[in-house]
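# have a look; sequence and predicted model below, questions after that.
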Amino acid sequence: MMEPFIDIATGGAEIPGAVSGFVAVWAVTINGLLLYREGVNLLTCPDGTNWKQIETPQGCEPCQVSVGPQGVVWILAWTGQLLTRNGVTWNCETGLTWYEVPPPFKGLSFSHISVGLNSTWAVSRENEVWLRKGLDSSILGSSWTAMVGQMNLVFTGSGSQVCGLSLQDQKIYLRIGIKTEESGGRSWKMLKTDDMTFVWLAFDGKGFIHRLEDGTDSYWTEPWRAEILQKLRERHSEWQDKFAEYSTAAETTDWIKNGRALLHNRWVNLGLRCCSQEPLLDVEDLRLLAVEITAVRRTGDLGLVVHHLQNSPIKLSFTSEEEVEDWAAHLTKMTRASRQCIGSFAQSIWALTDMGDPFVHESQGDVNLFSVLYSIPKTSVPSHALWTQLGGHFRHVEASSSGVVWALGQDGTWQVFFNCLFFFSSSVFCFSFSLLTLVLNRLLRSSWIHTGYHGGGFFKGVFDGSSHGIHPVSDEGLVNLYENQRWNPVAGFSARGLPTDRPPWSDITGFHTYSKENMSLPNRSWNWVSEWLVDYQPPGGADREGWQYATDYPSRYHAHKGSFDYVRRKRWQRKCRYTSTGPWFQFGLTKLLDISMQVDHSGSPEEPLLLWAIAANGSILRRVGVTVIKPQGDSWEAVLGEHAFQSLSIGVEGRVWAITSLGVPALRHRVTNTNPDGVAWLLMDRPEGSATLRQISAGDTQVWAVDSQDRLYRRKDIVPILPEGTSWELVDEHVLHVSVGRHDQVWAVLDTKMNETKVKEKGSICIRRGITASCPVGTGWEFVIGGGWSFVCNRGHDIPF
Amino acid sequence: MAEDREILREIWEGRLPVCFTLATEEVSTPIAPDPFYLMVPRLTYFPLVTDKVRRHFVRCVVPEKHDNEMWLEFEKCPLKWHYPIGLLYDLLVTNSELPWQLTVHFDKYPDNKLLKCPSKDVVESHLMHSLKEADALKHKNHIMALMQERDHKQLWLGLLHDRFDQFWSANRKLMEHSAEDGFRYIPFRLYAPQFTSKPFMQYLVKSIENEKRLTLEDLLQRANLNFESKGPFQVVIHGIDLPLETPLQWISEHLSYPDNFLHLCIRYSSP
């Protein structure tokens, strides 16, 4: 019914008083009917309601229509005449009557028009360009001006843009120099458009040029094309919403960070980038998705180890501490983001690297992995989960399922002494002294929204949000350096040793050469705070100059030179300080060796939580007043006894298991709120062969211990009527640390290389598998992450893996 | 030259939601891995988009098979990696239920049915080979031969990284033709398993003959098969059935897969 259209024009957006979204749409049919689309509004009804025919004077049937921004309508008749419409206003969109615009001279016919803001551009059939000025004062304008240059067509934009398509080369020319006072502009300037030629142009609302290239075929109007296009569009429309969450497969990359590092003594390119919202790390040819990275761990020698699911960990070496920190921070951020970690560290597993860096195995809620929601805790494989580093520097972390976490400052790996005590609290990884907040956190755990308190240390600026909840963390230590000398008949003791001797300056083992000058601290968080000083009281004693004598290396050293002593050493020490930040709050300077909390706390906010510790002198202390809402407690009380201890662990029902400083296991029963000291220590047998135990950990019915030879034992036959069990059974060897938690889950750090292809360094975290009532010792170890780890604590972890 | 960007863009944006599941007999972990969901472009090849799928499942198969080539199966039919994904779907899926359920295997590679695809380089050389074959049909291989290595890379990387403009900056050269003649022959493959035991049919069809523009209908006629004998049928490409009156030249310019071939499937609405 409707005749085909041959032209369409829009405009009128700036008609004074027009409603927002208004646009005038005019069209011309092949038979010369002029139509106006009624009811068009870009905001409410972009396709309008109906076409309304507008009468045109007899003999002036239009072939083209053009509408200016202020609604001015011009039509070009087949005859080449121009007409304009008066009376177009916001409440009379189609105007009232037509007026003919007189041509520049009689007999000139136009072939194209375009109405601009205050002027109309027209092209004559001879391809001359004419400008009608003065439209601001009269709808007919004032005069015609001829423009230089021949154009096929001229187009105006909503502002002052004017473009022409040239007759000669079908190129786009932009009119430049157009101003209010000079509406004709200055000259034409060709737009660079390669080899293309054009047949049509249009400006969009922002004044950008859209062009139609010159095609040799014209298929635009064919019905089969419309059918194909519609079918192509319908392909997705049916299911687009349903699968909107699927991640896309193809890789479109946005680079984030590039760099170089040493891998196996070879320089490699590093690229950290986001591919289709899928962050990944490229190490030369190896590509790791961020979700495959399980930990990013620093080593002391400007190294960064990336643990991941693919193969053995990648150790990268950098040239500066800044680079290491920068990459560690970015990788940590990227991996957490890719797993959408919410920072809820309640009931998480904690671990320490052999550098003392604390890591937490983030407990994740529903995790959006590859845009698909997975419920991680139920189906997750421990080795797939992410370990996140926090600020701080510790040798021991103790977590309770109630959400309270304590940590002890560094001691062993690298000669440090003041055991600062830190605590850390609540169900989520933030700590606040506000009682109300903590209670709320506790009660609303399931729906608590994390506010971004994490990080500290070198993560400054990487984790979002403020430093709220992040406190200064410090620690101090002493670095030892040994000066070694051998006696010879000529010079007496001198630095000149035998070819097989240890170097003149070394560490305690003698295998590594150091000097006062080149002894370096592990990272920027450490600083020297003293000069090198002789230790006049090393273990074993020394003479007045600090020398210790022995017959040969390595040997036992004593304070006075005997007749067969040919070597001597002197210990030098230098004090250093660790300063950083972390989500930890330091509150006491009591030096502690070990600390433990009960594993069977109900989680009730005000129920007292058993917390016992071993002081530096081996005596037992218990913390009074520790609750979930007051994790730091009130004060220390001594638990009197004749023994000194080195390790302790609180199991269930008020049973405190401990190891004396002589390596003898002991048990203290029935510690309750009313009888906080329990009954006296019950000393037990050592394992077979009088092994010296050094560490113990107690869960529900499982009690495991490690001896000085790194052998792992389990206490057999613990039953309610015989809570102390009967004897120790040897489980495994090469175990550095064991942790028994709720539900009798056993985690350990193994010294052995669990899986030769995966781990090159010692210290792998593993889970004991196959523990059942009939086989309480379990069947074997499941590898979680390694190596380079020294400590693990699963005692706060409440969900069985 | 193909100038209908609207159509080209729609073709390029063709996607399929796929649900990958590891074959149950290959699961070696106590808990079977979750299915893996992915939105894959119809125009690409599975080896170019399944890295993530492989990584997701490989941890759950026995370590001896970690380095095995992964292969996919749909309803007991191993999927040919060298067919574009959209073609596989149009050819194999009749119930059009989505997501497309595919089974992932690491074991028992069906050597007798599938080519080996040890790396993406193999896909690249397969693509280049197809492009040369198509160009030989269209332009006696003049354009591919004249193209620089850089243009070949644009085609490959455009497909690999799902970049329309990168791909088409080079592909438009392959779609050039003189206005009067069109392509010498239309590069197409007709998949009609109902009529032939061969994987597909291929024969010489010009785009313009005796100054008449040939249509899809002409192409079918020249197969010398009575397609109607088995009931009403459709010619399917990119998940749509084409109107038979569509000119071949236009179809070839606009609806060809990145390998420059038209992969046309004959489909009967009811078996």
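Yep, it's here.

# for stretch A:533-541, which positions count as buried?
A:535, A:538 (16 or more other Cβ atoms under 10 Å in any protein chain shown). (Glycine included, C-beta is placed from N, CA and C.)

# quick one: contacts of that stretch?
Applying Cβ atoms under 8 Å, 6 or more residues apart in numbering or on different chains, the contact partners of stretch A:533-541 are A:480, A:542, A:544-546, A:548, A:556-559, A:570-574.

# again, only this time at 7 Å
Outside of stretch A:533-541, the residues within contact range by Cβ atoms under 7 Å, 6 or more residues apart in numbering or on different chains are A:542, A:546, A:548, A:557-559, A:570-573.

# quick check: closest non-adjacent residue to residue A:261.
residue A:316 (4.0 Å; Cβ to Cβ, 6 or more residues apart in numbering or on different chains).

# return the residues of chain B in contact with chain A.
Residues of chain B lying near chain A by Cβ under 7 Å from any Cβ of the partner chain: B:3-4, B:6-7, B:10-11, B:14-15, B:17, B:31, B:34, B:37-41, B:44, B:49, B:52, B:55, B:59, B:98-99, B:161-162, B:179, B:238-240, B:242-243, B:245-246, B:250.

# hang on, the earlier thing: tabulate the contacts of stretch A:533-541 (TSV), appending distance to residue A:244.
Below are the contacts of stretch A:533-541 laid out as TSV (distance: Cβ to Cβ, whole Å):
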residue	distance to residue A:244
A:542	74
A:546	73
A:548	73
A:557	72
A:558	77
A:559	78
A:570	72
A:571	67
A:572	66
A:573	64
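
# so after the helix or strand hosting residue B:145, what's the next helix or strand?
Counting by DSSP states H and E, the element that carries residue B:145 is helix B:142-146. Heading C-terminal from helix B:142-146, the first helix or strand you meet, by DSSP H and E, is helix B:149-160.

# so who does the nearest residue to residue A:361 once chain neighbours are set aside touch?
Using Cβ to Cβ, 6+ apart and skipping residues adjacent in sequence, the residue nearest residue A:361 is residue A:349, 3.9 Å away. Residue A:349 sits next to A:361, A:747, A:792-794, A:797 when contact means Cβ under 7 Å, 6+ apart.

# please identify which of the residues you listed is nearest to residue A:179.
Using Cβ to Cβ, residue A:361 is the member of the contacts of residue A:349 that sits closest to residue A:179, with 67.7 Å.

# contact partners for that closest one?
Residues near residue A:361 by Cβ under 7 Å, 6+ apart: A:348-349, A:385, A:387.

# out of the residues of chain B next to chain A, which sit inside strands?
B:15, B:17, B:37-41, B:240 (DSSP state E).

# quick one: pLDDT of the residue nearest to residue A:361?
Residue A:349 is assigned 85 on the pLDDT scale.

# for the chain, which segments are assigned as helices?
Picking chain A for this. Assigned by DSSP state H, chain A shows helices spanning A:223-237, A:321-338, A:376-379, A:435-443.

# was after chain B, sorry
For chain B, applying DSSP H gives helices covering B:5-12, B:46-49, B:51-58, B:85-92, B:120-139, B:142-146, B:149-160, B:164-174, B:216-221, B:248-255.

# helices or strands up against the last one?
Going back to what we said before, that points to helix B:248-255. Judged by 3 or more Cβ pairs under 7 Å, 6 or more residues apart in numbering or on different chains; DSSP states H and E, the packing partners of helix B:248-255 are helix B:5-12, helix B:216-221, strand B:262-268.

# would CSV of the ones you listed with mean neighbour count, mean pLDDT and distance to residue A:58 be doable?
Converted to CSV, the helices and strands packed on helix B:248-255 look like this (neighbours: other Cβ atoms under 10 Å in any protein chain shown; pLDDT from 0 to 100; distance: least, Cβ to Cβ, whole Å):
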stretch, mean neighbour count, mean pLDDT, distance to residue A:58
helix B:5-12, 18, 85, 40
helix B:216-221, 18, 91, 48
strand B:262-268, 21, 92, 53
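
# what's the closest of these to residue B:116?
Nearest to residue B:116, of all those, is strand B:262-268, at 22.0 Å by Cβ to Cβ.

# got the angle for that closest one vs helix B:120-139?
Here strand B:262-268 runs at an angle of 90 degrees relative to helix B:120-139 (axes from the mean of the first three to the mean of the last three Cα atoms, to 10 degrees).

# could I have the CA atoms of strand B:262-268 written out in PDB?
Output in PDB follows, covering the C-alpha atoms of strand B:262-268 (Å, rounded to 0.1, in the frame of the first residue of the first chain):
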ATOM      1  CA  LEU B 262      30.600 -21.400   1.900                       C
ATOM      2  CA  HIS B 263      29.800 -24.400   4.000                       C
ATOM      3  CA  LEU B 264      26.300 -25.200   3.100                       C
ATOM      4  CA  CYS B 265      24.300 -27.900   4.900                       C
ATOM      5  CA  ILE B 266      21.200 -29.500   3.500                       C
ATOM      6  CA  ARG B 267      18.800 -30.100   6.300                       C
ATOM      7  CA  TYR B 268      15.400 -31.800   6.300                       C
END
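
# which residues sit against it?
By Cβ under 7 Å, 6+ apart, the list of residues contacting strand B:262-268 reads B:84, B:87, B:90-91, B:186-192, B:194, B:227, B:230-231, B:233-237, B:251-252, B:255-257.

# compute the inter-axis angle for it and helix B:248-255.
Going by the same axes, to 10 degrees, strand B:262-268 makes 100 degrees with helix B:248-255.

# direction included, what does strand B:262-268 pair up with?
Pairing partners of strand B:262-268, with direction, according to DSSP bridges: strand B:188-191 (parallel), strand B:233-237 (antiparallel).

# mind putting the ones you listed in a markdown table, mean neighbour count and distance to residue B:268 included?
A markdown table is the format used below for those (neighbours: other Cβ atoms under 10 Å in any protein chain shown; distance: least, Cβ to Cβ, whole Å):
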| stretch | mean neighbour count | distance to residue B:268 |
| --- | --- | --- |
| strand B:188-191 | 22 | 13 |
| strand B:233-237 | 20 | 5 |
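
# on that earlier part again, please pick the buried ones from the residues of chain B next to chain A.
Buried members of the residues of chain B next to chain A, counted by 16+ other Cβ under 10 Å: B:3-4, B:7, B:10-11, B:14-15, B:17, B:34, B:37-41, B:44, B:49, B:52, B:55, B:59, B:98-99, B:161-162, B:238-240, B:242-243, B:246, B:250.

# buried residues in the helix holding residue B:145?
Buried-residue list, helix B:142-146, by 16+ other Cβ under 10 Å: B:143-144.

# just checking, what packs against it?
Counting by 3+ Cβ pairs under 7 Å, 6+ apart, helix B:142-146 packs on helix B:120-139.

# what's stretch B:199-215 in contact with?
Here stretch B:199-215 has contacts from B:181-186, B:189-192, B:219, B:222-223, B:244-249, B:252, using Cβ under 7 Å, 6+ apart.

# what subset of those residues is buried?
Buried, going by 16+ other Cβ under 10 Å: B:182-186, B:189-192, B:219, B:223, B:246-249, B:252, out of the contacts of stretch B:199-215.

# so which of these comes closest to chain A?
Nearest to chain A among the buried ones among the contacts of stretch B:199-215 is residue B:246, at 4.6 Å by Cβ to the nearest Cβ.

# how far away is the closest one from residue B:156?
Distance of residue B:246 to residue B:156, computed by Cβ to Cβ, to the nearest Å: 29 Å.

# same thing with residue B:133?
Distance, residue B:133 to residue B:156, by Cβ to Cβ: 16 Å.
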